[in-house]
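Peer 1: any chance you could fold what I've pasted below:
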Amino acid sequence: MATKALTRETFDETVGGDGMVLVDFWASWCGPCRQFAPVYERVSERHPDVVFTKVDTEAEQDLAAAFQISSIPTLMVVRDRVVLYSQPGALPEEALEDLIAQARALDMDEVRREAEAHKSA
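Peer 2: A predicted model of the protein is given here:
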């Protein structure tokens, strides 16, 4: 599956549903972003059930600001409307595969319970 561009207009529709969405915050002038792009694309081909998106931080500055993106590339993993991971840095292919496997293995009901308990504390 090819990656798709994510904009402020398409963000809620794309990330607001069930399933897993990966978001790569990047810019064309960023060397590490350009190095990570083929890795991200290759991994996307192996996971047709996961939505792989890219946010051009130059074109979508409001979206980048909303998520306090201060370093790129930053990768975010959202599953069932819950942000599970958001970290700057280009991941090697095997680390990206492992991250996807870990996100798949989570019991999302338990994740929500823990998040609610943390909010209440």
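
Peer 1: can you name every helix or strand that the one helix or strand in the chain whose mean pLDDT sits lowest contacts?
Peer 2: Here the helix or strand of the chain ranked lowest by mean pLDDT, DSSP states H and E is helix 108-120, holding a mean of 86. Counting contacts by 3 or more Cβ pairs under 8 Å, 6 or more residues apart in numbering; DSSP states H and E, helix 108-120 is packed against strand 82-88. Backbone N, C-alpha and C define where each C-beta goes, glycine included.

Peer 1: name the next helix or strand following the strand it packs on along the chain.
Peer 2: Downstream of strand 82-88, the first helix or strand assigned by DSSP states H and E is helix 93-105.

Peer 1: that following helix to strand 82-88, inter-axis angle?
Peer 2: 160 degrees (axes from the mean of the first three to the mean of the last three Cα atoms, to 10 degrees).

Peer 1: quick one: contacts of helix 93-105?
Peer 2: With Cβ atoms under 8 Å, 6 or more residues apart in numbering as the test, helix 93-105 has contacts from 20, 22, 39-40, 42-43, 46-47, 50, 75, 77, 79, 84-85, 91.
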